[in-house]
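Student: For reference, the sequence and a predicted model appear below.
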Amino acid sequence: MLGVFASMLDGVLVGAVYGLAAIGLTLIWGVMDVINLTHGAMITMGMFGLYLAFTELGLNPYVALLPVAGLGFAAGVVIYWLSVHRVVGRPPLMSLLSTFSVNLMVIGIGTILWSTSPYNIDVSLPGFSLGEYTFTGNHLLAAAAAVLIAIALSLFLARTRSGKAIRAVASNRRAAELMGIPSSQVLARAFGLGIAIAAVAGGLIATLFPFTVLSGSDYQLKSFVVTVLGGLGNPTGALAGGILLGLIEGGVTPFIAVSWIPVIEFALFVLILIAFPNGLFARRTHR
Amino acid sequence: MSPKKPFFWLLVAVIAVFLLPVVTRDVGLRESLLLAAIYIILATNLNLMIGFTGYVNFGNIVFFGLGGYIGLYLVTAAGFPVALAATVAGLGVGAIALVFGLGILRLRGAYFALATIGIAEAVNAFVSNFGPWGGATGLYLSFEAYRPLGGPREALWTVYLLLVAVMGLSLFLGYAVKTSRFGLGLFAIREDEAAAAVLGVNTPLYKAAAYSLSGVLPAVAGALFFFKQGVIQPDQAFDLTLSTEAIVMLMLGGQGTVTGAALGAFLYEQFRGILLTSPVFSSFQLVIAGALLLVTVLFLPGGLMGWLYHRWPRLRRVLE
């Protein structure tokens, strides 16, 4: 029994990081109605960014999250102007395909640079033990960082001028434009923010598990599951959805072979998508 | 359709070109054209969804892989002849796709696209764990299986001819759907789904039917292809790269037109052949595919055919 509890607790810790990754996806979706298929590639870039900062520059991995976030933001702004700007407001087919093509290019370049062999960041912080089960400091710190970033984001969106501009453009781009908000710049900033969050989540995941160039796409799929659980375009829901997904993963791990977990996850994903297209935690306001 | 249409003669010409290696017994050309035929099958059937209905199916490769698995399983476990196994695989996958389609038919636009990704991953993960289909190690064919076709070497020619036939059927299907009332309904969904529904198009049923129909021939092709390979494993059967490449081909050639889908697939295969043999570019395949797709989406949303039609508007009346 203790084993199941420990597994679920660990699931919650990892789930918070899934939630953070999904926040990056859902922020972009909510603001500009674009499902960002570069998400997985950016998670991968966050992983390798942290890896390089740790091995080449010798930075503490948790300090290195800051430059990773900064570079992620810059990359996001570039990707916005390169591939998203022209397709915002067009049929979903266009934005899906244009972000997907950037994903192909980034993953292609990543494969050339680092092949598809596994990497890991060799860092281990002291944690605490529960009977025979140990929770490493990495898991605790990653979960704490994920929750803190999520809180910081909601404060930013609710309180600051820049955050309010993002929300204004999200709710009505034309009206925002008439109020003197430069909507394209705001969208670029929001896209950068979403990518920065994805990259940081990737970095945090890299401190927990080994990763390859292709890992990002696995976590992108998890982000989809989480977003669907929490409702597309809803950051708070995404964190809750992530924790719920982690809880489910942790809860079933002691009972079935690990290879069956994706089957359950994706079946759940499709079923929830059909039954609750607005997510489990959706506020019943609009759409 | 009346056989006087130029499309019919184009179809005959394409099939004649694909029969060239049979006459010359050129194995190298056959292998190249076999891949081209598979690409054309994938792209033209994907066109039913992306081009006609306006819905992205990111998991289109599921049909191909599932068809391969059902076909190979029927050949190995039940001793079916390959043509029958492939037919059953096609109908079976069509039925499965109809069930999936009816399940996700309530979803619109991007939600539907997400659901197709979920289905692709769920099927892949399920097959990787499914004992009777060999789990992660897959299914293998013994040499015995080729005996009814006159040994492995003759079997390759037979499979090639069957694949060319499936390709011809795919082209015909695309054209038949496009010129039918059903196709008109799909185009209405693409242009404005709400308006189509108001005007009496049964949109959920149409979408599910298009989804199911777009799965049948790729499944047949999958059964034939993996019969030729003699082995099927989850990673090859559900190769997401091929799934994405099919989208690139379709966009490149021009979604919405059968000629464009086929042309894009053929050109992409030729192009890929050049890239793979060049030492510098062989590792850049994904990067180049991505760049091609981005440029097409941003600057040439109609693809190659869209550009041709724009330059010579009369071409549209002659072709399709």
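Tutor: Thanks, I have it.
Student: show me what contacts residue 175?
Tutor: I went with chain A, as the question did not name one. residue A:168 (C-beta atoms under 8 Å, 6 or more residues apart in numbering or on different chains). Every C-beta, even on glycine, is put in place using the N, C-alpha and C of the backbone.
Student: Chain B was what I was after
Tutor: So residue B:175 contacts B:1, B:7, B:11, B:258, B:320 (C-beta under 8 Å, 6+ apart).
Student: Which of these ranks first by neighbour count?
Tutor: Among the contacts of residue B:175, residue B:258 has the most neighbours (other C-beta atoms under 10 Å in any protein chain shown), with 31 neighbours.
Student: How about it: what's its closest non-neighbour residue?
Tutor: residue B:174 (3.8 Å; C-beta to C-beta, 6 or more residues apart in numbering or on different chains).
Student: Over to residue A:129. Which of the three states is it?
Tutor: Secondary structure, DSSP: H, G, I helix; E, B strand; the rest coil: residue A:129 is strand.
Student: That one contacts residue A:6, correct?
Tutor: No - look at residue A:129 against residue A:6 with C-beta atoms under 8 Å: they stay out of range, at 9.7 Å.
Student: Can you tell me the element the residue most central in space within chain B falls in?
Tutor: Of all residues in chain B, the one closest to the mean position by C-alpha atoms, centre = their mean is residue B:42, 1.4 Å from it. For residue B:42, the element it lies in under DSSP states H and E is helix B:27-47.
Student: quick one: average pLDDT of that helix?
Tutor: In this model, helix B:27-47 has an average pLDDT of 92.
Student: returning to what we had before: mind checking how far the residue nearest to residue B:258 is from residue B:11?
Tutor: 10 Å (C-beta to C-beta, to the nearest Å).
Student: can you list the residues of the stretch 151-300 of chain B near chain A?
Tutor: B:240, B:244, B:247, B:251, B:283-294, B:297-298 (C-beta under 8 Å from any C-beta of the partner chain).
Student: quick check, residue B:162 in a helix?
Tutor: Yes - judged by three-state DSSP, residue B:162 forms part of a helix.
Student: I'd say it and residue B:85 touch.
Tutor: No - checked against C-beta under 8 Å, the pair residue B:162 and residue B:85 is beyond contact range at 11.2 Å.
Student: Comparing those two, which residue is more hemmed in?
Tutor: Between residue B:162 and residue B:85, counting by other C-beta under 10 Å, residue B:85 is the more crowded of the two (25 against 20).
Student: List the contacts of the more buried one.
Tutor: B:70-72, B:74-75, B:223, B:227.
Student: Can you give me the neighbour number for the nearest residue to it once chain neighbours are set aside?
Tutor: Spatial nearest neighbour of residue B:85, chain neighbours left out: residue B:74 (4.0 Å); criterion: C-beta to C-beta, 6+ apart. Close neighbours of residue B:74, defined as other C-beta under 10 Å, add up to 21.
Student: Same question for residue A:209.
Tutor: Neighbours around residue A:209, by other C-beta under 10 Å: 15.
Student: One more: residue B:161?
Tutor: Neighbours of residue B:161 using other C-beta under 10 Å come to 14.
Student: secondary structure element for the nearest residue to it once chain neighbours are set aside?
Tutor: In this structure, residue B:161 finds its nearest non-sequential neighbour in residue B:22, 7.0 Å apart by C-beta to C-beta, 6+ apart. Counting by DSSP H and E, the element that carries residue B:22 is helix B:20-24.
Student: If we go by neighbour counts, what in that helix is buried?
Tutor: Residues of helix B:20-24 classed as buried by neighbour count (16 or more other C-beta atoms under 10 Å in any protein chain shown): residue B:21.
Student: who does that helix touch, helix- and strand-wise?
Tutor: helix B:27-47, helix B:151-178 (3 or more C-beta pairs under 8 Å, 6 or more residues apart in numbering or on different chains; DSSP states H and E).
Student: among those, which is the most enclosed?
Tutor: Among the helices and strands packed on helix B:20-24, helix B:27-47 has the highest mean neighbour count (mean count of other C-beta atoms under 10 Å in any protein chain shown), at a mean of 23.
Student: ok, then the element right after that helix?
Tutor: Helices and strands here follow DSSP H and E; after helix B:27-47, the next one along the chain is helix B:61-78.
Student: buried ones in that following helix?
Tutor: B:61-76.
Student: Which pLDDT does the model give the residue nearest to residue B:85?
Tutor: With respect to pLDDT, residue B:74 has a value of 93.
Student: May I have the helix holding residue B:42 as CSV, with CA atoms only?
Tutor: C-alpha atoms of helix B:27-47 as CSV (Å, rounded to 0.1, in the frame of the first residue of the first chain):
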residue,chain,number,x,y,z
VAL,B,27,14.6,-4.4,-60.8
GLY,B,28,16.1,-1.0,-59.8
LEU,B,29,13.4,1.0,-61.6
ARG,B,30,10.8,-1.3,-60.1
GLU,B,31,11.9,-0.6,-56.6
SER,B,32,12.0,3.2,-57.2
LEU,B,33,8.5,3.1,-58.8
LEU,B,34,7.2,0.9,-56.1
LEU,B,35,8.1,3.5,-53.5
ALA,B,36,6.6,6.2,-55.7
ALA,B,37,3.4,4.1,-56.0
ILE,B,38,3.1,3.8,-52.2
TYR,B,39,3.7,7.6,-51.8
ILE,B,40,1.0,8.3,-54.4
ILE,B,41,-1.4,6.0,-52.6
LEU,B,42,-0.7,7.6,-49.2
ALA,B,43,-0.9,11.2,-50.6
THR,B,44,-4.0,10.8,-52.8
ASN,B,45,-6.0,9.1,-50.0
LEU,B,46,-4.8,11.7,-47.4
ASN,B,47,-6.1,14.2,-49.9
